[in-house]
Every structure is written in structure tokens, then in C-alpha cells.
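Undergrad: Structure for the following, please:
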Amino acid sequence: MSKQIKVNGYDIFLDEIKSTITDTRIQTTKAVNSGLIQLYWSIGRSIADKQANEGWGKAVVEKLAQDLKAEFQGRSGFSAQNLWYMRQFYLEYKDLPNLQQLVGEIPWGQNLTIMSKIKDPEEREYYLKATVDMGWSRNVLLHQIKSDAYQRHQLANKQHNFEKALPAHLAEQADEAMKDVYMLDMLGITKPVLERELEQKMVAKIQGVMLELGYGFAFIGNQYRIVVNEKEYFIDLLFSNRRLNSLVAVELKIGRFKPEYAGKMNFYLNLLDDFVREPRENPSIGIILCTERDYFEVEYALRGLEKPVGVADYLLTQDLPESLRSKLPDAKLLEQELRKELGEKDED
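TA: This is a model prediction of the structure:
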């Protein structure tokens, strides 16, 4: 049992040692993964060369798989199917040097997912970079692909004040972590609901919501209660983000964005930073989710705020009506049409 001792500066010292251990583990994992991808690339190239130069076929690859599994017992990755994947991996990226570095930075499972589901080189580059930058797991990556994250990224018009309210490196990470539009079709909502109903459905489907938010988010609670001077304040949804090392407050709004929402979120972030945030954590970040927004109003509402706040839209269905699809290239027109589809209901 450890003794309770008090030494000036010990807590900071402990945090520094923990960070060093964590960073070393991460770098070691990355080095191991990079070596494995290089190995698979080399095997794939060798198989492709033998097939091209000596006409080797399916039987030879199956024998190679058997011999490798016999030689390296207890080690996975040498099935015939995986050997064919290695060959495909090499052939698909050998003439794309700009993608070769990226594929070496993500795990094999994520590489297989991107290789099998995405054929366009530019779209592949997007998912490869996002997986590297955001640390997407295979499940998160698959969700992002299914929800057309690349297409939404192409139309994105993010609105936040991160670059003014956060240090440069953290502002860039926060921008990467935030989306312009969040797809909440996993909630199964097909008719207008109240904000509390939307919140309850998000909590009930929190695993799916976390996939949409992206890697690094951990759910802390809904209607998160803060008591100051005997007054209670409640935040709709509160998360922590490991990559940002920040608390992330999410406020849900049914209807269009109102400028006063930004001031209220700024107030909540002040409370979080003063009464909830740990000393080692970065400033708390706020995201306001609305069904629609006026870009002019959001721009001016965020101007001058001290705390980092972003405003994003959310969609409750992925299957847009035919009348909207032709308008997808224009984000403003999409916003106007969604307003008609979702109605003009306003709830504070």
C-alpha cells in the first residue's frame, strides 16, 4: 500500500513521467505497425513479381501460405487470403508514391477497409489522412465511410473560433475533430422531436453517436450538473477527448441557430474550466448542434468569444429527398432545402 506523502511539485512530476511512458508506448506501437506494413508490402511485391515473370498462380500462393504458417507457428497474417491482399496492396499503391507513406502509418485492418471499399485515389487519400490524423479505429473508419464522410468533407463549411481561442497546435487538432455536419441517422428519428427527446435518443444510441463523433471521444454524461453559488446549471451532453485532452460540451438545438446560443455555451465553458477541468487538461471546447444555421449570424455570434465554440448542423436521415440531391454541390442551397424539409420549429 502506497504511503500518502506531500512533496512540492510531485503531481506535475508524476504527470510528466506518465506522459513520457504514454508517448514511448505510442511511438513503439507505431514503429511495430510500420515494420509490419513494410513486410506485407515486400511480400506482396515478391508474389506479384513471381506471377508476372514466372506465371505462378493460385496453387503456389496456397502452398506458400501453408509453409509460412508451419514455419511461424502462432503468428497470424500468413493465410492464403491475406497473401492475396498483400499482392493487391502492392499493386494498387506501387504507382501512387503520395499514398505510400500514409498506408505505412495506419494498421493493416484499416488499410484493408480502405482498399476494399474506396477506389478513387483522392477519396482514399482523405480516409488515409483522416485515419492517421484522428487515429480512427476500424469500426470508426467503417462508420465514416458508410456515412459518406468524404462527400460531407467536400461540402464542409466549418464555423468556429478555435484559431482565436486556442493555441495554434490545439486549434488545428480541434478543427480536425469537428465536422460541418453530423449524421445522426442511427437514432431512427423520422419526425420532429423535442430537444430532450433527441438527447435521450442520443444517450440510448451513444455507441453509434461516438462512432460519428470520431476517435478519442469518451461519454461523461447527459444533463451534466454544475452547482455554483447554490444555482444549478445543466449541459446537454459532456464528453472528454483523449487526443485534445479537453472536455467537450455539446448543446442540442431543434431548429435554426440563434446568436444567444453562443453566449450560453461560452458561459458553460467558463464553468467547466473553473469548476470541472483538471489542471493538466486543455481548455474546454463547445459544439452547438442545430438543424440549420445562418452563416452570417454564426460568424458574428462567435466573433469576440473568449472560449472555443463551434457550430455544426446535424441530419437525422442519410437518404436525402430527390429534390435535394441536385443541390448538394451548393452548401447554402442545401441548408435552405433542409429548412423546408425539417420545418421551422424553434425550441430554445
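
Undergrad: Run through the strands of the stretch 201-348 of the chain in chain order.
TA: For the stretch 201-348 of the chain, strands defined by DSSP state E, counting those that start in this stretch occupy the ranges 217-228, 231-241, 246-252, 285-290, 309-315.

Undergrad: okay, those in JSON lines with mean neighbour count and distance to Asp148 next?
TA: To be clear about C-beta, it is placed using only N, CA and C from the backbone, and glycine gets the same treatment. JSON lines is the format used below for these (neighbours: other C-beta atoms under 10 Å; distance: least, C-beta to C-beta, whole Å):
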{"stretch": "strand 217-228", "mean neighbour count": "14", "distance to Asp148": "20"}
{"stretch": "strand 231-241", "mean neighbour count": "17", "distance to Asp148": "23"}
{"stretch": "strand 246-252", "mean neighbour count": "24", "distance to Asp148": "22"}
{"stretch": "strand 285-290", "mean neighbour count": "24", "distance to Asp148": "18"}
{"stretch": "strand 309-315", "mean neighbour count": "23", "distance to Asp148": "11"}
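
Undergrad: In JSON lines, list those strands along with distance to Gly208 and mean pLDDT.
TA: Shown next, in JSON lines, are these (distance: least, C-beta to C-beta, whole Å; pLDDT from 0 to 100):
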{"stretch": "strand 217-228", "distance to Gly208": "12", "mean pLDDT": "92"}
{"stretch": "strand 231-241", "distance to Gly208": "14", "mean pLDDT": "94"}
{"stretch": "strand 246-252", "distance to Gly208": "15", "mean pLDDT": "94"}
{"stretch": "strand 285-290", "distance to Gly208": "15", "mean pLDDT": "94"}
{"stretch": "strand 309-315", "distance to Gly208": "13", "mean pLDDT": "89"}
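
Undergrad: now those strands as TSV including distance to Lys18?
TA: Output for these, formatted as TSV (distance: least, C-beta to C-beta, whole Å):
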stretch	distance to Lys18
strand 217-228	17
strand 231-241	16
strand 246-252	17
strand 285-290	23
strand 309-315	29
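
Undergrad: Any idea which of those strands gets closest to Gln101?
TA: Evaluated with C-beta to C-beta, these place strand 231-241 nearest to Gln101, the distance being 26.2 Å.

Undergrad: Partner strands of the closest one, with direction?
TA: strand 217-228 (antiparallel), strand 246-252 (antiparallel) (DSSP bridges).

Undergrad: Give me the most central residue, the protein.
TA: Using C-alpha atoms, centre = their mean, the residue of the chain that lies closest to the mean C-alpha position is Gly214, 2.4 Å off.

Undergrad: contacting residues for that one?
TA: Met134, Trp136, Val140, Gln144, Ala177, Lys179 (C-beta atoms under 8 Å, 6 or more residues apart in numbering).

Undergrad: Out of those residues, which is nearest to Ile285?
TA: Ala177 (8.4 Å).

Undergrad: What helix or strand is Ile12 located in?
TA: Take DSSP states H and E as the rule and Ile12 turns out to sit in helix 10-54.

Undergrad: Which neighbouring elements make contact with the next helix-or-strand element following that helix?
TA: Next helix or strand after helix 10-54 toward the C-terminus (DSSP H and E): helix 58-71. Under the contact criterion of 3 or more C-beta pairs under 8 Å, 6 or more residues apart in numbering; DSSP states H and E, helix 58-71 touches helix 10-54, helix 80-93.

Undergrad: about what we covered before: same for the helix holding Ile12, what does it pack against?
TA: helix 58-71, helix 80-93, helix 108-117.

Undergrad: Dump the ones you listed into a markdown table; add distance to Gly221 and mean pLDDT as well.
TA: Converted to a markdown table, those look like this (distance: least, C-beta to C-beta, whole Å; pLDDT from 0 to 100):
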| stretch | distance to Gly221 | mean pLDDT |
| --- | --- | --- |
| helix 58-71 | 48 | 91 |
| helix 80-93 | 42 | 95 |
| helix 108-117 | 30 | 96 |
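
Undergrad: Make a markdown table out of those and add distance to Glu281 and mean neighbour count.
TA: Converted to a markdown table, the helices and strands packed on helix 10-54 look like this (distance: least, C-beta to C-beta, whole Å; neighbours: other C-beta atoms under 10 Å):
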| stretch | distance to Glu281 | mean neighbour count |
| --- | --- | --- |
| helix 58-71 | 47 | 13 |
| helix 80-93 | 39 | 18 |
| helix 108-117 | 28 | 17 |
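
Undergrad: closest one to Gln27 among these?
TA: Nearest of the helices and strands packed on helix 10-54 to Gln27, taken as C-beta to C-beta: helix 108-117 at 18.6 Å.

Undergrad: re earlier: just put the strands paired with strand 231-241 in JSON lines and tack on distance to Ser116.
TA: Below are the strands paired with strand 231-241 laid out as JSON lines (distance: least, C-beta to C-beta, whole Å):
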{"stretch": "strand 217-228", "distance to Ser116": "26"}
{"stretch": "strand 246-252", "distance to Ser116": "32"}
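
Undergrad: Looking at those strands, spot the one closest to Tyr300.
TA: With respect to Tyr300, and counting by C-beta to C-beta, the nearest of those is strand 246-252 at 18.5 Å.
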